[in-house]
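# 3D, please:
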Amino acid sequence: MDCFDSAAQRQPLYLLADSQLLFWKRQGRLFLDTVLAGLIHDTPICAAYIGASNGDRPEFYDIFEAAVDAVGVTDRRMIESSFPADDRAFLERARLVVLAGGDVRRGWKTFEETGMKDAILSRYARGAVLLGISAGAVQLGRYGIAETPESSASDLLEVFDLVPAVVDTHDEEAGWRRLSRAIGSLEGRAAGLGIPSGGGVIVHPDTTMEPVRRPAREFRFECARVTSSVLHTASDE
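Residues are numbered from 1 along each chain as shown. Now for the predicted structure:
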């Protein structure tokens, strides 16, 4: 049985550079608690963790468990990369879906080959909260920047396209060179969104972007060159 009304309104998307925000408090309240606040609480919240991008490493699932424990979510499960029937059934009723960090290309290949991609999109359309961490945040964008093992070059993969931008995370020390190159190669077909370590961005249903904890950076291709600007947090935290 579905955990919530199939006519539920779409929730914001949550893009996290890393797992820090899962344990961060704003004005004394856990950020993750505010993430879940938009869900109807007349039934228990079931949370699905998808670890395909990191090969289902248990130590990363342990971090997820500790985070959801702190907000009282006890009905949770790792959705394994093999996507067996019982995992599929759980995902089909999940109200919080977490896309883990790791390798963008590896995770995306698993999503497509197993049918997990369509199941994730279905949950989002029916009102689930999608939260991507690092590679998971990248996969929610228009294209994913995937490193090429044979060289220092990067490929652009078509990913979920739920966020109208190419997303990159925790590359601020390199000056966002990888993201800037990607936006230049697209020549205006997509903007770029850089989320620094410890930060996140909430993408609202109207595509408004709200940086959390730390300012993000937006990249655009304008007048034959890549430009960038800072997206500030609401309170300059």
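# so is F221 in a helix, a strand, or just coil?
Classification of F221 using DSSP: H, G, I helix; E, B strand; the rest coil returns strand.
# and G55, how many neighbours?
Applying other CB atoms under 10 Å, we find 14 residues neighbouring G55. In this view, the C-beta of every residue, glycine as well, is placed from N, C-alpha and C.
# is it true that it touches G102?
Yes. Judged on CB atoms under 8 Å, G55 makes contact with G102 at a distance of 7.0 Å.
# ok, and the closest non-adjacent residue to H204?
Leaving out its chain neighbours, the residue that sits closest to H204 by CB to CB, 6 or more residues apart in numbering is P12, at 5.0 Å.
# for A94, same thing?
Closest to A94 by CB to CB, 6+ apart is A48, at 3.8 Å.
# Can you verify my assumption that the one you found contacts F90?
Yes. Between A48 and F90 there is a contact under CB under 8 Å: 6.1 Å.
# Which one's more surrounded, the two?
Set A48 next to F90 and count neighbours by other CB under 10 Å: A48 wins out with 25 against 17.
# Look up phi and psi at T114.
Torsion angles at T114 (phi, psi; degrees, to the nearest 10) stand at phi -100, psi -10.
# Let me see the contact set for it.
S81, S82, F83 (CB atoms under 8 Å, 6 or more residues apart in numbering).
# go on, S229?
Applying CB under 8 Å, 6+ apart, one finds that S229 lies in contact with R217, E218, R220.
# Now do the contacts for the second one.
E218 makes contacts with A165, A191, G192, L193, G194, M209, S228, S229, V230, L231, as judged by CB under 8 Å, 6+ apart.
# So for C3, what pLDDT did the model give?
Note on C3: pLDDT of 49.
# Equivalent analysis for L22, please.
97.
# if I look at it, how far off is G38?
From L22 across to G38, the span is 17 Å (CB to CB, to the nearest Å).
# circling back: shared neighbours, A48 and F90?
In contact with both A48 and F90: R77, I79, using CB under 8 Å, 6+ apart.
# and E158, how many neighbours?
9.
# Hmm, Y143 and it touching each other?
Yes. With contact defined as CB under 8 Å, E158 counts as touching Y143 (6.2 Å).
# contacting residues around the nearest residue in space to R10 that is not next to it in sequence?
Excluding its sequence neighbours, the residue lying closest to R10 (CB to CB, 6+ apart) is P205, at 5.1 Å. Applying CB under 8 Å, 6+ apart, we find P205 in contact with Q9, R10, Q11, P12.
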